[in-house]
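Participant: build me a model:
(one chain, ligands or ions: 1)
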Amino acid sequence: MASRIAYVNGQYLPHSEAAVHVEDRGYQFADGVYEVIHVFNGDFIDADPHLARLERSLREMQLRQPMSMRALRAVLAEVVRRNRIHEGIVYLQITRGAWPRDFAFPPAHVPPSLVITARAIPRYREDVENLGERAISIPDIRWKRRDIKSVSLLPSVLGKQKAREAGCYEAIMIDDDGFITEGTSSNFWIVGQDGVLRTRHLSSDILAGCTRGSLMALMEGEGIKAIQEKFTLEDALAAREAFVTSATSFVKPIVAIDDKPVGNGKPGTITRTLHKLYTAHVKAHRRAA
Ligand code: PDD
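Facilitator: As a prediction, the model looks like this:
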(Lines give C-alpha, C1' and ligand atoms only; values in the text may rest on other atoms or scores of the structure.)
Protein backbone atom coordinates (compact mmCIF):
# COMPACT_ATOMS: atom_id res chain seq x y z
CA MET A 1 0.00 0.00 0.00
CA ALA A 2 1.20 3.50 -0.79
CA SER A 3 2.34 5.50 2.26
CA ARG A 4 -0.14 7.98 3.65
CA ILE A 5 0.46 11.69 3.42
CA ALA A 6 -1.04 14.40 5.63
CA TYR A 7 -1.17 18.14 5.06
CA VAL A 8 -0.13 20.17 8.11
CA ASN A 9 0.18 23.95 7.98
CA GLY A 10 1.61 24.24 4.49
CA GLN A 11 3.50 20.96 4.29
CA TYR A 12 2.71 17.53 2.90
CA LEU A 13 4.20 15.11 5.43
CA PRO A 14 4.37 11.35 5.89
CA HIS A 15 1.33 10.51 8.02
CA SER A 16 3.48 8.99 10.78
CA GLU A 17 5.42 12.25 11.17
CA ALA A 18 2.47 14.65 10.88
CA ALA A 19 1.91 16.61 14.10
CA VAL A 20 0.76 19.93 15.50
CA HIS A 21 2.26 21.84 18.42
CA VAL A 22 1.46 20.78 22.01
CA GLU A 23 0.01 24.25 22.58
CA ASP A 24 -2.31 24.03 19.61
CA ARG A 25 -5.71 25.28 20.74
CA GLY A 26 -7.41 22.32 19.15
CA TYR A 27 -5.45 20.07 21.49
CA GLN A 28 -5.87 22.28 24.56
CA PHE A 29 -9.39 23.68 24.21
CA ALA A 30 -11.04 21.82 21.32
CA ASP A 31 -11.01 25.34 19.84
CA GLY A 32 -11.54 24.35 16.23
CA VAL A 33 -13.88 23.13 13.53
CA TYR A 34 -13.79 20.25 11.09
CA GLU A 35 -15.38 18.63 8.05
CA VAL A 36 -15.52 15.07 6.76
CA ILE A 37 -16.09 14.70 3.02
CA HIS A 38 -16.71 11.45 1.18
CA VAL A 39 -14.49 10.77 -1.83
CA PHE A 40 -15.82 8.57 -4.61
CA ASN A 41 -13.94 7.88 -7.85
CA GLY A 42 -11.39 10.37 -6.58
CA ASP A 43 -14.00 13.14 -6.52
CA PHE A 44 -15.65 14.89 -3.56
CA ILE A 45 -19.30 14.21 -2.80
CA ASP A 46 -21.24 17.37 -1.90
CA ALA A 47 -18.07 19.49 -1.70
CA ASP A 48 -19.95 22.79 -2.04
CA PRO A 49 -22.24 22.33 0.98
CA HIS A 50 -19.38 20.96 3.08
CA LEU A 51 -17.21 23.99 2.30
CA ALA A 52 -20.13 26.38 2.80
CA ARG A 53 -20.77 24.81 6.21
CA LEU A 54 -17.06 25.09 7.02
CA GLU A 55 -17.13 28.81 6.22
CA ARG A 56 -20.18 29.20 8.45
CA SER A 57 -18.60 27.25 11.34
CA LEU A 58 -15.48 29.43 11.07
CA ARG A 59 -17.58 32.61 11.09
CA GLU A 60 -19.63 31.50 14.09
CA MET A 61 -16.43 30.66 16.01
CA GLN A 62 -14.74 33.93 14.91
CA LEU A 63 -12.00 31.78 13.42
CA ARG A 64 -9.90 33.08 10.55
CA GLN A 65 -9.98 31.15 7.26
CA PRO A 66 -6.41 29.82 6.76
CA MET A 67 -6.57 30.30 2.98
CA SER A 68 -9.06 31.08 0.24
CA MET A 69 -11.71 28.45 -0.47
CA ARG A 70 -10.20 28.05 -3.93
CA ALA A 71 -6.78 27.26 -2.44
CA LEU A 72 -8.36 24.97 0.13
CA ARG A 73 -10.09 22.99 -2.62
CA ALA A 74 -6.74 22.60 -4.38
CA VAL A 75 -5.08 21.31 -1.19
CA LEU A 76 -7.96 18.89 -0.54
CA ALA A 77 -7.62 17.52 -4.07
CA GLU A 78 -3.85 17.25 -3.67
CA VAL A 79 -4.17 15.28 -0.43
CA VAL A 80 -6.58 12.88 -2.14
CA ARG A 81 -4.23 12.59 -5.11
CA ARG A 82 -1.10 11.99 -3.00
CA ASN A 83 -2.89 9.31 -0.99
CA ARG A 84 -4.22 7.70 -4.19
CA ILE A 85 -7.71 7.61 -2.73
CA HIS A 86 -10.31 6.12 -5.03
CA GLU A 87 -12.96 5.76 -2.37
CA GLY A 88 -12.49 7.21 1.08
CA ILE A 89 -12.88 10.24 3.26
CA VAL A 90 -10.95 13.45 3.72
CA TYR A 91 -10.79 14.97 7.18
CA LEU A 92 -10.11 18.69 7.51
CA GLN A 93 -9.55 20.50 10.78
CA ILE A 94 -8.93 24.18 11.44
CA THR A 95 -8.03 25.41 14.91
CA ARG A 96 -7.23 28.81 16.41
CA GLY A 97 -3.52 28.01 16.14
CA ALA A 98 -0.75 27.44 18.69
CA TRP A 99 -0.14 29.94 21.50
CA PRO A 100 0.71 29.82 25.22
CA ARG A 101 -2.41 28.52 26.98
CA ASP A 102 -4.92 31.27 27.72
CA PHE A 103 -8.70 30.92 27.40
CA ALA A 104 -9.12 34.18 25.48
CA PHE A 105 -8.17 34.27 21.78
CA PRO A 106 -4.48 34.54 20.85
CA PRO A 107 -3.32 37.79 19.16
CA ALA A 108 -4.64 38.35 15.64
CA HIS A 109 -1.26 37.58 14.03
CA VAL A 110 -1.30 33.95 15.22
CA PRO A 111 -2.20 31.84 12.17
CA PRO A 112 -4.91 29.19 12.40
CA SER A 113 -3.74 25.57 12.11
CA LEU A 114 -4.92 23.53 9.16
CA VAL A 115 -4.65 19.77 9.02
CA ILE A 116 -6.01 17.58 6.22
CA THR A 117 -5.83 13.79 6.16
CA ALA A 118 -7.36 11.21 3.86
CA ARG A 119 -7.99 7.51 4.12
CA ALA A 120 -9.57 4.80 2.08
CA ILE A 121 -12.86 3.34 3.28
CA PRO A 122 -14.64 0.14 2.21
CA ARG A 123 -16.48 0.28 -1.10
CA TYR A 124 -19.84 2.03 -1.25
CA ARG A 125 -22.45 -0.67 -0.62
CA GLU A 126 -25.53 -0.82 -2.77
CA ASP A 127 -27.11 -3.84 -1.09
CA VAL A 128 -29.13 -1.69 1.29
CA GLU A 129 -31.25 -4.67 2.40
CA ASN A 130 -28.13 -5.99 4.19
CA LEU A 131 -27.11 -2.68 5.71
CA GLY A 132 -29.53 -2.55 8.64
CA GLU A 133 -27.93 -1.41 11.89
CA ARG A 134 -29.04 -1.16 15.49
CA ALA A 135 -29.07 1.95 17.68
CA ILE A 136 -29.46 2.89 21.32
CA SER A 137 -30.97 6.07 22.73
CA ILE A 138 -29.05 8.34 25.10
CA PRO A 139 -29.65 11.77 26.62
CA ASP A 140 -28.26 14.65 24.55
CA ILE A 141 -25.77 16.30 26.90
CA ARG A 142 -24.10 18.54 24.28
CA TRP A 143 -23.78 22.33 24.25
CA LYS A 144 -26.37 24.63 22.69
CA ARG A 145 -24.56 25.35 19.39
CA ARG A 146 -24.75 21.98 17.72
CA ASP A 147 -25.09 23.72 14.35
CA ILE A 148 -21.35 24.48 14.52
CA LYS A 149 -19.19 21.55 13.42
CA SER A 150 -16.83 21.96 16.35
CA VAL A 151 -14.12 19.43 17.24
CA SER A 152 -15.44 19.52 20.81
CA LEU A 153 -17.04 16.08 20.55
CA LEU A 154 -16.77 14.50 23.98
CA PRO A 155 -20.51 13.79 24.45
CA SER A 156 -20.55 12.13 21.02
CA VAL A 157 -17.42 10.11 21.85
CA LEU A 158 -19.02 8.82 25.05
CA GLY A 159 -22.30 8.13 23.25
CA LYS A 160 -20.70 6.25 20.37
CA GLN A 161 -18.68 4.15 22.80
CA LYS A 162 -21.85 3.26 24.70
CA ALA A 163 -23.42 2.22 21.39
CA ARG A 164 -20.40 0.06 20.50
CA GLU A 165 -20.47 -1.60 23.91
CA ALA A 166 -24.14 -2.43 23.30
CA GLY A 167 -23.19 -3.93 19.91
CA CYS A 168 -24.84 -1.01 18.10
CA TYR A 169 -23.83 1.29 15.28
CA GLU A 170 -25.17 4.60 16.52
CA ALA A 171 -26.56 6.33 19.60
CA ILE A 172 -29.61 8.52 19.00
CA MET A 173 -29.70 11.53 21.29
CA ILE A 174 -32.77 12.77 23.16
CA ASP A 175 -33.13 16.38 24.31
CA ASP A 176 -34.41 17.47 27.72
CA ASP A 177 -38.01 17.60 26.41
CA GLY A 178 -37.96 14.01 25.12
CA PHE A 179 -37.45 14.88 21.44
CA ILE A 180 -34.78 13.23 19.30
CA THR A 181 -32.07 15.60 18.13
CA GLU A 182 -29.78 13.42 15.95
CA GLY A 183 -27.22 10.61 16.06
CA THR A 184 -23.78 11.16 17.62
CA SER A 185 -22.37 11.60 14.10
CA SER A 186 -25.43 11.48 11.83
CA ASN A 187 -28.87 12.95 11.22
CA PHE A 188 -31.87 10.80 12.13
CA TRP A 189 -35.02 10.19 10.09
CA ILE A 190 -38.18 8.12 10.55
CA VAL A 191 -41.13 7.02 8.51
CA GLY A 192 -43.91 7.31 11.08
CA GLN A 193 -46.88 5.05 11.64
CA ASP A 194 -48.77 7.48 9.38
CA GLY A 195 -46.29 6.77 6.54
CA VAL A 196 -44.86 10.29 6.73
CA LEU A 197 -41.11 10.83 6.43
CA ARG A 198 -39.78 13.08 9.19
CA THR A 199 -36.47 14.54 10.27
CA ARG A 200 -35.83 17.28 12.80
CA HIS A 201 -35.94 20.85 11.49
CA LEU A 202 -32.69 22.83 11.31
CA SER A 203 -31.81 25.00 14.29
CA SER A 204 -28.91 25.29 16.71
CA ASP A 205 -30.13 21.95 18.18
CA ILE A 206 -28.63 19.85 15.37
CA LEU A 207 -25.96 19.90 12.70
CA ALA A 208 -27.22 20.78 9.24
CA GLY A 209 -26.01 17.57 7.59
CA CYS A 210 -24.79 17.90 4.02
CA THR A 211 -26.05 14.40 3.24
CA ARG A 212 -29.43 15.37 4.75
CA GLY A 213 -29.49 18.52 2.59
CA SER A 214 -28.47 16.87 -0.65
CA LEU A 215 -30.86 13.96 -0.08
CA MET A 216 -33.68 16.49 0.38
CA ALA A 217 -32.77 18.18 -2.89
CA LEU A 218 -32.75 14.79 -4.66
CA MET A 219 -36.11 13.93 -3.07
CA GLU A 220 -37.61 17.18 -4.29
CA GLY A 221 -36.69 16.20 -7.83
CA GLU A 222 -38.57 12.93 -7.35
CA GLY A 223 -41.59 14.49 -5.60
CA ILE A 224 -40.81 12.69 -2.30
CA LYS A 225 -41.81 14.82 0.66
CA ALA A 226 -40.40 14.98 4.17
CA ILE A 227 -41.71 16.95 7.09
CA GLN A 228 -39.03 18.79 9.04
CA GLU A 229 -40.20 18.75 12.64
CA LYS A 230 -39.12 17.25 15.92
CA PHE A 231 -40.47 13.93 17.16
CA THR A 232 -40.00 11.79 20.24
CA LEU A 233 -38.28 8.50 21.01
CA GLU A 234 -41.77 6.99 21.33
CA ASP A 235 -42.52 8.12 17.76
CA ALA A 236 -39.30 6.45 16.60
CA LEU A 237 -40.03 3.24 18.47
CA ALA A 238 -43.48 3.12 16.85
CA ALA A 239 -42.13 4.07 13.40
CA ARG A 240 -42.32 1.88 10.30
CA GLU A 241 -38.79 2.78 9.26
CA ALA A 242 -35.78 4.66 10.56
CA PHE A 243 -32.42 5.59 9.08
CA VAL A 244 -29.47 7.90 9.60
CA THR A 245 -27.56 10.02 7.09
CA SER A 246 -23.99 11.29 7.09
CA ALA A 247 -20.97 11.59 4.81
CA THR A 248 -19.75 8.23 6.10
CA SER A 249 -23.09 6.45 6.72
CA PHE A 250 -24.77 7.70 3.51
CA VAL A 251 -28.36 6.43 3.99
CA LYS A 252 -28.08 3.75 6.67
CA PRO A 253 -31.19 1.84 7.81
CA ILE A 254 -31.74 1.61 11.56
CA VAL A 255 -33.66 -1.61 12.21
CA ALA A 256 -33.74 -1.63 16.02
CA ILE A 257 -33.63 0.99 18.76
CA ASP A 258 -32.97 0.02 22.37
CA ASP A 259 -33.37 -3.65 21.41
CA LYS A 260 -36.85 -3.08 19.95
CA PRO A 261 -37.32 -3.68 16.22
CA VAL A 262 -38.28 -0.71 14.05
CA GLY A 263 -41.19 -1.80 11.84
CA ASN A 264 -40.56 -5.39 10.78
CA GLY A 265 -36.89 -5.12 11.75
CA LYS A 266 -35.74 -4.84 8.12
CA PRO A 267 -34.77 -1.84 5.96
CA GLY A 268 -38.08 -0.30 4.83
CA THR A 269 -39.37 0.64 1.38
CA ILE A 270 -38.82 4.40 1.68
CA THR A 271 -35.35 3.91 3.19
CA ARG A 272 -34.42 1.64 0.30
CA THR A 273 -35.75 4.13 -2.25
CA LEU A 274 -33.77 6.97 -0.67
CA HIS A 275 -30.62 4.85 -0.51
CA LYS A 276 -31.00 4.16 -4.22
CA LEU A 277 -31.49 7.86 -4.92
CA TYR A 278 -28.39 8.81 -2.97
CA THR A 279 -26.40 6.00 -4.57
CA ALA A 280 -27.21 7.39 -8.02
CA HIS A 281 -26.02 10.80 -6.81
CA VAL A 282 -22.74 9.33 -5.50
CA LYS A 283 -22.14 7.31 -8.63
CA ALA A 284 -22.73 10.34 -10.84
CA HIS A 285 -19.38 11.67 -9.56
CA ARG A 286 -16.51 10.99 -11.87
CA ARG A 287 -12.89 11.91 -11.47
CA ALA A 288 -12.29 15.25 -13.12
CA ALA A 289 -10.27 14.83 -16.32
N1 PDD B 1 -20.42 13.58 11.21
N2 PDD B 1 -24.89 15.25 12.92
C3 PDD B 1 -23.71 15.16 13.53
C4 PDD B 1 -23.66 15.43 15.00
C5 PDD B 1 -22.55 14.82 12.82
O6 PDD B 1 -21.37 14.73 13.44
C7 PDD B 1 -22.66 14.56 11.42
C8 PDD B 1 -21.46 14.20 10.58
C9 PDD B 1 -23.92 14.66 10.82
C10 PDD B 1 -24.12 14.43 9.34
O11 PDD B 1 -23.53 15.45 8.57
P12 PDD B 1 -23.02 15.18 7.09
O13 PDD B 1 -24.15 14.57 6.35
O14 PDD B 1 -22.66 16.53 6.57
O15 PDD B 1 -21.84 14.24 7.19
C16 PDD B 1 -25.00 15.03 11.59
C17 PDD B 1 -19.19 13.26 10.49
C18 PDD B 1 -19.39 12.27 9.40
C19 PDD B 1 -18.12 12.86 11.49
O20 PDD B 1 -18.08 13.51 12.52
O21 PDD B 1 -17.34 11.94 11.21
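Participant: what count of nearby residues applies to the closest residue to M219 other than its chain neighbours?
Facilitator: Among residues not flanking M219 along the chain, A226 sits closest, at 6.5 Å (Cβ to Cβ, 6 or more residues apart in numbering). No exception for glycine: its C-beta is placed from N, CA and C like everyone else's. Using other Cβ atoms under 10 Å, the number of residues around A226 comes to 18.
Participant: then the one 5 residues further on?
Facilitator: For F231, the neighbour count with other Cβ under 10 Å is 21.
Participant: please report phi then psi for it.
Facilitator: phi -150, psi 160 (degrees, to the nearest 10).
Participant: quick one: it and the ligand, what's the gap?
Facilitator: Note on F231: its distance to the ligand, by Cβ to the nearest ligand atom, to the nearest Å, is 16 Å.
Participant: now the residue nearest to that residue when sequence neighbours are not counted: phi and psi?
Facilitator: Closest residue in space to F231, ignoring its immediate chain neighbours: R198 at 5.5 Å, by Cβ to Cβ, 6+ apart. Here is the backbone geometry of R198 (degrees, to the nearest 10): phi -130, psi 140.
Participant: for T211, same thing?
Facilitator: Given degrees, to the nearest 10, the pair of backbone angles that T211 has is phi -70, psi -40.
Participant: same check on S246?
Facilitator: Dihedral pair for S246: phi -170, psi 170, per degrees, to the nearest 10.
Participant: what's the burial count for the nearest residue to it once chain neighbours are set aside?
Facilitator: Nearest residue to S246, sequence neighbours excluded (Cβ to Cβ, 6+ apart): S186, at 4.0 Å. S186 has 26 neighbours, counted by other Cβ under 10 Å.
Participant: cool, and the one 5 residues further on?
Facilitator: Applying other Cβ under 10 Å, we find 22 other residues in the vicinity of V191.
Participant: so who does the residue lying closest to it once chain neighbours are set aside touch?
Facilitator: Closest residue to V191 apart from its sequence neighbours, by Cβ to Cβ, 6+ apart: E241 at 3.9 Å. By Cβ atoms under 8 Å, 6 or more residues apart in numbering, E241 lies in contact with I190, V191, P253, V262, G263, P267, G268, T269, I270, T271.
Participant: do you know the pLDDT at E241?
Facilitator: For E241, the pLDDT comes out at 98.
Participant: nearest to S203 among the contacts of E241?
Facilitator: Among the contacts of E241, I190 lies closest to S203 (Cβ to Cβ), at 18.1 Å.
Participant: what's in contact with stretch 67-81?
Facilitator: 5-7, 12, 37, 39, 42, 44, 47, 51, 55, 65-66, 88, 90, 92, 114, 116-118.
Participant: one more pass at 7 Å, please.
Facilitator: For stretch 67-81, the surrounding residues in contact (Cβ atoms under 7 Å, 6 or more residues apart in numbering) are I5, Y7, V39, G42, F44, L51, E55, V90, L92, I116, A118.
Participant: burial count for E229?
Facilitator: Other residues lying near E229 total 11 when counted by other Cβ under 10 Å.
Participant: one more: the one 5 residues further on?
Facilitator: E234 has 10 neighbours, counted by other Cβ under 10 Å.
Participant: test my guess that P111 contacts G97.
Facilitator: Yes - using Cβ atoms under 7 Å, P111 makes contact with G97 at a distance of 5.4 Å.
Participant: looking at the two, which one has more neighbours?
Facilitator: Neighbour count, other Cβ under 10 Å: between P111 and G97, G97 has more, with 26 against 13.
Participant: so for the residue nearest to that one when sequence neighbours are not counted, what's the pLDDT?
Facilitator: Distances taken as Cβ to Cβ, 6+ apart place V110 nearest to G97, at 4.4 Å, with adjacent residues excluded. We have a pLDDT of 98 for V110.
Participant: just the ones of the contacts of E241 in helices?
Facilitator: Of the positions in the contacts of E241, T269, I270, T271 sit in helices, assigned by DSSP state H.
Participant: from those residues, which would you call buried?
Facilitator: The neighbour-count criterion (16 or more other Cβ atoms under 10 Å) marks I270, T271 among the ones in helices among the contacts of E241 as buried.
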